[in-house]
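>>> coordinates only, sequence not included:
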């Protein structure tokens, strides 16, 4: 008989009641703190919301607090896009690595990797930011974007920010998912294996489903850090105030704009922190590193906030160790135009003889109406009030050291356009398709890069244009194969020609008739005849420029598939001369019936 469910008993002692009240109070305190944060943020943002409009805050990308514009769509998009890229990259890698370490990796590898994961999780975000700016953006993404012909700002942008976030949150996802997978009871695995499941089925059908709640919690914790990360994203996202829905474009995010516009320390506190940070270098004044640090601080310009610029300080500090030698300060002169990378495919014959190709490339050129200034004819750009014409802003990292960022008010130009040019709408540049005539010299190889100076994007007014980097791709030929400065081809010959030798006429790459002497006893693939002077010319700007290589003719003996009666008779005689018994010709069904009737059929062997 089913017993009715009973209600839980009330606490019987004062200790149980105290613990219950304490637990409920702790839970209520956490919820009240979250509610207070939402209330305070809403209260402080309410004047801007009522003035600019609640919906326009999320639907407009016009952000200029000086004139009361608070469109946050740009920052919301940058935050969500970088977080989405990070999660798409880090979640599969992190969960897969956790499953490997928990179920497949040997114990020694598991211990070492778990220790390394804890070290990676403890690295400060600013270190990841420097790594992403120098290696991921400038040396990784920038050459790739140039090779693909995609517009970029030195590799910086939303994609670079998303990838560095993926690297940052990967240790969190892997470590937490590994702990959750380790907590799966051993009986679950043993039961699955006892039923005949493989290791892969056990991981996929038993371990991961059992650990799913913990893995989801790990992913949400990683997502929280990806959305709220500040310094690493600020250093590589580009800090550009324009909305472009492409991963390669620069942008901005909510934590980045907060870090750049919210100054939490005064000049006195910054000076004290800077002294504490540089105290270790002053203890050893004779070292070269300390001298570099003092020199970098002494050469700093007087900033209104009194901050020590992180980029300038570390540029000199690490220059002596990594061969930089620079002082970290950016030139105030006009910047040279960006280079353009294009890919041109040509045939092997064109690579051998040289050719001329005409094609069109999209370029950014200075507007002819305003000369690249962006201002309407007869007007001049005004000095930016945000950066006071310097082109950069100083953002506090929170440790008394600040980093220099491109000014968001003028995009690093130091001036703002009050009356924009109608031709370029204040951008100073227009998109143009430019025709290029490329003269390809003889002897170019695959992946050869030809540089055409001053054929890239236009620079700032007064600066030269960038270059055009033309990457050559040589298509494969159906007959000839290139091997350095030599050419390889196959020449089919008959069995008689292979045995007796003699001349054979073939065509070169350029269509010229060549006579090749086949040696006696030629073998398939192993006999190669060299024809001098019929290969590829030497690559340009080398010692072999203009000197042609050789043509290597690989002989292939073809076995006849259909023989005439006379040819078959001759081959039988040849087989008899070689001492091999010539097989009798196969008979058809009527020949076999004739032999059976006449009694000439061979006797059948009796089965034993």
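Good, I have the coordinates. All values reported here derive from a predicted model rather than from experimental measurement. Numbers count the residues shown, from 1 in each chain.
>>> averaged pLDDT, the longest helix along the chain. What do you get?
Identified as the longest helix of the chain according to DSSP state H is helix 14-52. What helix 14-52 shows for mean pLDDT is 84.
>>> stretch 75-85 now?
Rounded mean pLDDT across stretch 75-85 is 85.
>>> what do you get for stretch 130-146?
74.
>>> return the set of buried residues in stretch 436-448.
Of the residues in stretch 436-448, 436, 438, 440, 441, 442, 443, 444, 448 count as buried by neighbour count, 16 or more other CB atoms under 10 Å. In short, each C-beta sits where N, CA and C put it, glycine included.
>>> spatially central, which residue of this structure would that be?
residue 141 (5.3 Å; CA atoms, centre = their mean).
>>> mind checking how far it is from residue 170?
18 Å (CB to CB, to the nearest Å).
>>> check residue 33 too.
In terms of CB to CB, residue 33 sits 30 Å off from residue 170.
>>> give me the below-cutoff pLDDT ranges for the stretch 151-300 of the chain.
151-155, 239-242, 259-300 (pLDDT under 70).
>>> just to revisit the earlier point, more neighbours: which of residue 33 and residue 170?
residue 170 (21 against 10; other CB atoms under 10 Å).
>>> that one - that's part of a strand, no?
No. Looking at residue 170 with DSSP: H, G, I helix; E, B strand; the rest coil, it is helix, so not inside a strand.
>>> not counting sequence-adjacent ones, nearest residue to it?
residue 90 (4.6 Å; CB to CB, 6 or more residues apart in numbering).
>>> what's the helix or strand harbouring that neighbour packed up against?
Per DSSP states H and E: residue 90 is located in helix 73-103. Counting contacts by 3 or more CB pairs under 8 Å, 6 or more residues apart in numbering; DSSP states H and E, helix 73-103 packs against helix 54-59, helix 107-121, helix 158-182, helix 212-228, helix 254-261.
>>> out of those helices, deepest packed?
helix 158-182 (a mean of 24; mean count of other CB atoms under 10 Å).
>>> how about residue 562, phi and psi?
phi -130, psi 120 (degrees, to the nearest 10).
>>> how many neighbouring residues does it have?
Residue 562: 6 neighbours (other CB under 10 Å).
>>> which pLDDT value goes with it?
Reported pLDDT for residue 562: 83.
>>> do residue 471 as well
88.
>>> next: residue 1.
At residue 1, pLDDT is 45.
>>> helix or strand for the closest residue in space to residue 206 that isn't next to it in sequence, which one?
Nearest residue to residue 206 in three dimensions, chain neighbours excluded: residue 192, at 4.6 Å (CB to CB, 6+ apart). Remark: residue 192 resides in helix 186-194, with elements defined by DSSP H and E.
>>> now residue 432
Using DSSP H and E, the element containing residue 432 is strand 429-440.
>>> given that strand, what are its sheet partners and their directions?
Next to strand 429-440 in the sheet, as set by DSSP bridges, lie strand 355-366 (antiparallel).
>>> tell me the average confidence for stretch 382-395?
78.
>>> and residue 475, how many neighbours?
13.
>>> equivalent analysis for residue 412, please.
Residue 412: 19 neighbours (other CB under 10 Å).
>>> show me what the closest residue to it other than its chain neighbours bridges to in the sheet.
Distances taken as CB to CB, 6+ apart place residue 406 nearest to residue 412, at 4.1 Å, with adjacent residues excluded. On the basis of DSSP bridges, residue 406 is bridged to residue 392.
>>> run the chain-centre distance for the strand holding residue 432.
27 Å (CA atoms, centre = their mean, to the nearest Å).
>>> and residue 424, helix, strand or coil?
Per three-state DSSP, residue 424 ends up coil.
>>> ok, it touching residue 364?
No. The pair residue 424 / residue 364 is not scored as a contact, 10.2 Å apart, by CB atoms under 8 Å.
>>> which neighbours do these two share?
residue 430 (CB atoms under 8 Å, 6 or more residues apart in numbering).
>>> what ranges do the helices span in the stretch 401-550 of the chain?
With DSSP state H, counting those that start in this stretch as the criterion, the stretch 401-550 of the chain has helices at 495-500.
>>> what stretches of it score poorly on pLDDT?
Ranges of the stretch 401-550 of the chain meeting pLDDT under 70: 401-404, 540-546.
>>> can you rerun that using 80?
Applying pLDDT under 80 to the stretch 401-550 of the chain picks out residues 401-415, 417-418, 425-428, 460-462, 539-546.
>>> what ranges do the strands span in it?
With DSSP state E, counting those that start in this stretch, the ranges of strands along the stretch 401-550 of the chain come out as 401-406, 415-416, 429-440, 449-452, 468-474, 481-483, 486-493, 502-507, 513-518, 528-531.
>>> and stretch 553-566, how far out from the chain middle?
The answer for stretch 553-566 is 52 Å, by CA atoms, centre = their mean.
>>> no no, stretch 349-357
On CA atoms, centre = their mean, the centre of stretch 349-357 falls 33 Å from the chain's centre.
>>> residues in contact with that stretch: which ones?
So stretch 349-357 is contacted by 344, 346, 437-445, 472, 474, 477, 509-510, 536-537 (CB under 8 Å, 6+ apart).
>>> pLDDT averaged over stretch 349-357 - what is it?
For stretch 349-357, the per-residue pLDDT averages 90.
>>> for that stretch, buried residues please.
Quick answer for stretch 349-357 (16+ other CB under 10 Å): 350, 351, 352, 355.
>>> in JSON lines, list the residues you listed along with distance to residue 256 and secondary structure.
Converted to JSON lines, these look like this (distance: CB to CB, whole Å; DSSP: H, G, I helix; E, B strand; the rest coil):
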{"residue": "350", "distance to residue 256": "49", "secondary structure": "helix"}
{"residue": "351", "distance to residue 256": "48", "secondary structure": "helix"}
{"residue": "352", "distance to residue 256": "53", "secondary structure": "helix"}
{"residue": "355", "distance to residue 256": "49", "secondary structure": "strand"}
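>>> which two of those residues have the greatest separation?
Greatest spacing in these, by CB to CB: 352 and 355 (9.6 Å).
>>> I'd say the residue nearest to residue 412 and residue 391 touch.
Yes. At 7.2 Å, residue 406 and residue 391 qualify as touching, with contact defined as CB under 8 Å.
>>> now the common contact residues for the two.
residue 412.
>>> okay, these two: which has more neighbours?
Neighbours per residue (other CB under 10 Å) separate residue 406 from residue 391, with residue 406 holding more: 22 against 19.
>>> and that one, how far from residue 236?
Going from residue 406 to residue 236 by CB to CB gives 12 Å.
>>> in the helix holding residue 90, what's buried?
73-79, 81-83, 85-87, 89-91, 94-95, 97-103.
>>> just to revisit the earlier point, of all the strands of the stretch 401-550 of the chain, which lies closest to residue 564?
That would be strand 486-493 among the strands of the stretch 401-550 of the chain, by CB to CB, at 19.4 Å.
>>> which strands or helices does that closest one pack on?
Looks like strand 486-493 contacts strand 481-483, strand 502-507, strand 551-557 (3+ CB pairs under 8 Å, 6+ apart).
>>> partners of that strand in the sheet?
Here, using DSSP bridges, strand 486-493 pairs with strand 481-483 (antiparallel), strand 551-557 (parallel).
>>> count of residues packed around residue 378?
With other CB under 10 Å as criterion, residue 378 counts 6.
>>> and it, what helix or strand is that in?
Counting by DSSP H and E, residue 378 is part of no helix or strand.
>>> next up, phi/psi of it, please.
Dihedral pair for residue 378: phi 100, psi -10, per degrees, to the nearest 10.
>>> how about the one 4 residues further on?
Here the main-chain torsion angles of residue 382 (degrees, to the nearest 10) amount to phi -100, psi 150.
>>> pretty sure it contacts residue 415?
Yes. Under the criterion of CB under 8 Å, residue 382 makes contact with residue 415 at 6.3 Å.
>>> more neighbours, the two?
residue 415 (19 against 14).
>>> who touches the spatially closest residue to that one that is not a sequence neighbour in this structure?
Using CB to CB, 6+ apart and skipping the chain neighbours, the partner closest in space to residue 415 is residue 381 (3.7 Å). When contacts are counted by CB under 8 Å, 6+ apart, residue 381 touches 373, 374, 375, 413, 415, 416, 417, 418.
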